[in-house]
Structure formats: C-alpha cells, structure tokens
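Trainee: Give me coordinates for this.
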Amino acid sequence: MKEILFLNPIFKTMIWGGEKLKTEFGYHIPAPNTGECWAISAHENGDCTVKSGAFEGKTLSYLWRHRRDLFGNIEGEVFPLLVKIIDAKDDLSIQVHPDDTYAKEHENSLGKTECWYILDCEENSEIVIGHNAKNKAELIEMISQNRWSDLIRTRPVKKGDLFQINPGTVHAIRKGTLILETQQNSDITYRLYDYGRLYQGKPRQLHIEKSIDVITCPHTDTETEDKITQLDGCTITQKISCPYYTVSHIKVAGTATLPQPHPFINVSVIAGSGQIDSHPIGKGDHFIIPANFGNFTLGGNMELMVSHI
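Mentor: Okay, here's the model as predicted:
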C-alpha cells in the first residue's frame, strides 16, 4: 500500500522561545514562548501521531514497534531520527551532548549527534560552536573561574548555512535564529552555563561534571561541503552525510520525479507549496515516505529538507 505518513507536530514551550512557529509557519502554538516544534519524532517526550489514512491516530513509535516493514525492517530499539524546528527568541544555554557509549551507560539512551540548518536569522547573528581550552585541566579552570567569554567560540551565521554538532562539542543557538535540526532520537542535553537566568524563580539545573566528562579537548570544527545535483524540475543539495544521517535541501521549480533509494525518507516543507504525487503540501508540513513506496513526483515551487539514515 502506497501511503505517505503525514504527521502532527508537537510543540514545546521554552524560557527562550518565541512566536515564529506561529507567524512563520502558521502553527497553533500553545504559548508566546514556544521554542520547539518536534516535527518528526517517536521519542517518549514527544511522540508524533499520523494525521490521516490507514494509520490515523497511531503514534510513530507504535508504527516503529508494530509495522517495522514501513521502515524497511531495519534494526534498532527506537526510531533513529528526530527532526525539530527551533525558534530562539533569546539565547539557549551553553551545552554539550554525550556520544552513544556515555549516554547508554549514564542515561540508558542514544547519544545526540545533530545538525542545524539555518532557516532564517537576524542580521549579524551568531552561534556558539566550540571552545578555546587546550586540555581538560584548562577547561576545568576556565569553567571554575566563570571565564565564559574566554572559553567559548562563536561563528557568524546566515540563511542556508548548515552546522554539524558532534557529541562533545560545546554549543548554543543564539537569539534571532530559526533552525531546522536533524538529530539522533535522543533528548539528553548537559547544560554547562545558563547566564544566571531564573525559571520560576530558580536557576535552571546545570550538569557541570557530566559536561566536563564529555567535552572534547581540544575542540576541532567539523566542516561541511555542499554536494549539488541538478535535475529537471529540482535542485538537490546534500548538506551533510555522517554515520547517523544524510540531510539534503531540495528546491522544486516545476515537476521532478525522484527515486526512493533509502528505507524511508523524512520530509519537511520549509517554504512554498506544491504536491507530492496527488497530495497537496505546503510550508510547515512534515511527513515520512515509507519503505517500498517507490518513485515519487514533486511539483510546484517549494523548498524541502529531507533526511534518511
């Protein structure tokens, strides 16, 4: 049965969130400080449901457990990826994620490798990626002395950039940035510094010891390089490929028929509108093209972000 899995997103309010998920994507958000849209997720902290069709109302985790054929019968305890849209009205905390080994031992979870595609940003925006400590001893010294401006590294960003955030990388999204994040299916974040902010009258929890455990010293940037494929009706730009995911940007201008060479494909419409086969789609739609779906045809004027393992 050829059926696309259209999903209902889940929204998270955050101390740093805003309203762009409403103003830019037309979502009905729960509050004016909505920071995250979990667009394609089977995580226990946010499990998307299918909008319509034979699986209407079923969660993605249910389909992973009971209809593994939809995902090419690949192995794994959990659906491997999680796709989010993040609206940073204010700075996020400076943080770090563990790798699979550390996360399994300490959190009984997958680690968290992720990448950020910049959907939009204010002029002169920047993000935090990396640190300046030469070794763990210097890292501990700089943290204990609150030398955050000396410790962290910042990078300028512009619309269309992609940044790979490997486990062990000190990082933070900064205010005025709208991001599509593709990551391992994990919700493990170690907060290193939070600017002394209060939430409900109290500082948010920090995870200094675990952060120090997992931070890579010295830091090494992970550079990415676009790989562009021009087809009739669309341009496909592969932004990143790593052991956990491949993420590409597709710009559709006309009609293009594409093969499905992967067990399943996650798709997010980030601009414009059009169709996939006979189904109308537009900005803010998220769906999975399941295994054995075969060729599919995209038409219209739109931009998509797609990911697969």
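Trainee: can you confirm residue 105 is in a helix?
Mentor: Yes - counting by DSSP: H, G, I helix; E, B strand; the rest coil, residue 105 is located in a helix.
Trainee: Could you number the chain from 29 rather than 1 from now on?
Mentor: All set: I'll call the first residue 29, so the last point we hit is now residue 133.
Trainee: number of nearby residues for it?
Mentor: 10 (other Cβ atoms under 10 Å). (Glycine included, C-beta is placed from N, CA and C.)
Trainee: Would you enumerate the residues in contact with it?
Mentor: Contacts for residue 133 (Cβ atoms under 8 Å, 6 or more residues apart in numbering) come out as none.
Trainee: Can you give me the neighbour number for residue 212?
Mentor: For residue 212, the number of neighbouring residues by other Cβ under 10 Å comes to 23.
Trainee: Isn't it up against residue 107?
Mentor: No - counting by Cβ atoms under 8 Å, residue 212 does not reach residue 107; the two are 10.3 Å apart.
Trainee: Where do the helices of the stretch 79-228 of the chain begin and end?
Mentor: Using DSSP state H, counting those that start in this stretch, the helices of the stretch 79-228 of the chain run over 88-94, 128-135, 164-172, 176-179.
Trainee: mind checking which of those helices is nearest residue 155?
Mentor: helix 176-179 (15.0 Å; Cβ to Cβ).
Trainee: residue nearest the centroid of this structure?
Mentor: residue 209 (1.9 Å; Cα atoms, centre = their mean).
Trainee: Which residues are in contact with that one?
Mentor: Here residue 209 is in contact with 111, 112, 113, 114, 142, 143, 144, 145 (criterion: Cβ under 8 Å, 6+ apart).
Trainee: any idea how far stretch 240-247 is from the chain center?
Mentor: 22 Å (Cα atoms, centre = their mean, to the nearest Å).
Trainee: picking that back up, burial measure for the closest residue to the residue nearest to the centre of the chain other than its chain neighbours, as a count.
Mentor: Closest residue to residue 209 apart from its sequence neighbours, by Cβ to Cβ, 6 or more residues apart in numbering: residue 112 at 4.5 Å. For residue 112, the count of nearby residues is 23 (other Cβ under 10 Å).
Trainee: Now do the contacts for residue 112.
Mentor: Taking Cβ under 8 Å, 6+ apart, we find residue 112 in contact with 64, 65, 66, 67, 69, 208, 209, 211.
Trainee: do you know how far it is from residue 236?
Mentor: Distance, residue 112 to residue 236, by Cβ to Cβ, to the nearest Å: 26 Å.
Trainee: can you check residue 261 too?
Mentor: From residue 261 to residue 236 the distance is 52 Å (Cβ to Cβ).
Trainee: what does residue 170 give?
Mentor: As for residue 170, its distance to residue 236 is 12 Å (criterion: Cβ to Cβ).
Trainee: What of residue 65?
Mentor: From residue 65 to residue 236 the distance is 30 Å (Cβ to Cβ).
Trainee: Show me the shaky parts of the stretch 79-228 of the chain.
Mentor: In the prediction, the stretch 79-228 of the chain carries no residues with pLDDT under 70.
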